[in-house]
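K.L.:
compute the structure for the input listed below.
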Amino acid sequence: MNENIHRINDIIKQVPGLRYDCSVGNFECHRRDLYDFAELIVRECVQTLQDNTPVLDENESLEDWNKGYIRAILDCEHHIQEHFGVE
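P.N.:
Alright, predicted model coming up:
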């Protein structure tokens, strides 16, 4: 879980105008900074999906690939939750 918290902190650091005030427990930023933060989260999600989507092997039938693809789609939620440490 700590690794996932560090990953989110790394993403926060990529948005220069986004500041988290621990003393009051909220963010100080402009709306554009929140959009940038959200975009980075979405990019992480897309990369996680790309990293976990099966590739059609030349020795594999399309039917077998479809089964793997369906399994990957079903696992998408799990991969993203795991990536960000969300339950």
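
K.L.:
so what's the residue of the chain most remote from its centre scoring on pLDDT?
P.N.:
Within the chain, N59 marks the point farthest from the mean C-alpha position, 31.0 Å out by CA atoms, centre = their mean. For N59, the model assigns a pLDDT of 79.

K.L.:
and if you look at L40?
P.N.:
Predicted confidence (pLDDT) for L40: 90.

K.L.:
any idea how far the closest residue to it other than its chain neighbours is from G25?
P.N.:
Counting by CB to CB, 6 or more residues apart in numbering, L40 lies nearest to I11, which is 4.9 Å off, once chain neighbours are set aside. Where you see a C-beta, it was placed from the backbone N, CA and C, and this is true even at glycine. Note on I11: its distance to G25, by CB to CB, to the nearest Å, is 18 Å.

K.L.:
these two: which is more packed in?
P.N.:
I11 (17 against 7; other CB atoms under 10 Å).

K.L.:
who's in contact with that one?
P.N.:
I11 is in contact with F37, L40, I41, E44, counting by CB atoms under 8 Å, 6 or more residues apart in numbering.

K.L.:
top of the residues you listed by neighbour count?
P.N.:
With neighbours defined as other CB under 10 Å, the most crowded of the contacts of I11 is F37; it has 19 neighbours.

K.L.:
pretty sure that residue contacts K13?
P.N.:
No. In this structure F37 lies outside contact range of K13 using CB atoms under 8 Å: 10.5 Å.

K.L.:
now do the lengthiest helix in the chain, average pLDDT.
P.N.:
The single longest helix within the chain, with elements called by DSSP state H, is helix 62-84. When pLDDT is averaged over helix 62-84, the result is 76.
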